[in-house]
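The sequence and its predicted three-dimensional model are supplied below.
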Amino acid sequence: MNKRATRNMIKLLGSALLLLGISFTYDIPAAKANYFTDLYNGLQSFSELPGEVNKLQESYQQTAEELQKTKDELGQTKDQLDQSLQQMTTYQAQNAALQEQNRQLSQVVDELKNDRTARENYYNRIKVTVITGLALILGYFLLIRLLRFTMRHRSRRSDRLR
């Protein structure tokens, strides 16, 4: 044979040996040809399906109940929020009315204070006028007495001198 053909044969033989060596190094699982075991396992998993369906239905019912409870709680929370908002608007209206009433009362108190101050000023003026009038009358009588006394005293002197 020629060299070329032997070289190709060596390559082919080396490749075959390499594939054979690789196939022995990897574990290939053995095929099971037991039809009865497969059929039994299939029937067993099929018979377990209703139980799993029941579990799924129970889980669905629980989830639906929890969702309904959550919806009910949200509805109650919304109602409470609405009531709180209504109370807040009521309180705001009452607060505005009370502020207006407070402002009016403050005006009335200020007017009463001003009236009292004016009345006190008026009474003080009357007092001052009465006291001044009495002081003038008393002063007039005292001045007249003093003048009479001095005139008598002078007239007695002048009578003595004559």
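Great, that's in hand. Numbers count the residues shown, from 1 in each chain.

On the pLDDT front, check residue 41 for me.
We have a pLDDT of 73 for residue 41.

What's the separation between residue 145 and residue 60?
124 Å (C-beta to C-beta, to the nearest Å). For glycine as for every other residue, the C-beta is placed from the backbone atoms N, C-alpha and C.

Could you do residue 67 as well?
Counting by C-beta to C-beta, the gap from residue 67 to residue 60 is 10 Å.

which helix in this structure runs the most residues?
helix 35-161 (DSSP state H).

Tell me the gap between that one and the middle of its chain.
21 Å (C-alpha atoms, centre = their mean, to the nearest Å).

how about low-confidence regions in this structure?
1, 24, 26-36, 38-39, 43, 46, 49, 159-162 (pLDDT under 70).

Just the CA atoms of the helix or strand that residue 19 is a member of, as PDB, please.
Element membership of residue 19, judged by DSSP states H and E, is helix 3-25. The C-alpha coordinates for helix 3-25 follow below in PDB (Å, rounded to 0.1, in the frame of the first residue of the first chain):
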ATOM      1  CA  LYS A   3       1.900   5.800   2.200                       C
ATOM      2  CA  ARG A   4      -1.100   7.900   1.700                       C
ATOM      3  CA  ALA A   5      -3.500   5.100   2.200                       C
ATOM      4  CA  THR A   6      -1.700   3.900   5.400                       C
ATOM      5  CA  ARG A   7      -1.700   7.400   6.800                       C
ATOM      6  CA  ASN A   8      -5.400   7.600   6.200                       C
ATOM      7  CA  MET A   9      -5.900   4.200   7.800                       C
ATOM      8  CA  ILE A  10      -3.900   5.200  10.900                       C
ATOM      9  CA  LYS A  11      -5.900   8.400  11.200                       C
ATOM     10  CA  LEU A  12      -9.200   6.500  10.900                       C
ATOM     11  CA  LEU A  13      -8.000   3.900  13.400                       C
ATOM     12  CA  GLY A  14      -6.800   6.700  15.800                       C
ATOM     13  CA  SER A  15     -10.200   8.500  15.500                       C
ATOM     14  CA  ALA A  16     -12.000   5.200  16.200                       C
ATOM     15  CA  LEU A  17      -9.900   4.500  19.300                       C
ATOM     16  CA  LEU A  18     -10.400   8.100  20.500                       C
ATOM     17  CA  LEU A  19     -14.200   7.800  20.200                       C
ATOM     18  CA  LEU A  20     -14.100   4.500  21.900                       C
ATOM     19  CA  GLY A  21     -12.000   5.900  24.800                       C
ATOM     20  CA  ILE A  22     -14.300   8.900  25.200                       C
ATOM     21  CA  SER A  23     -17.400   6.700  25.300                       C
ATOM     22  CA  PHE A  24     -15.900   4.500  28.100                       C
ATOM     23  CA  THR A  25     -15.000   7.600  30.200                       C
END
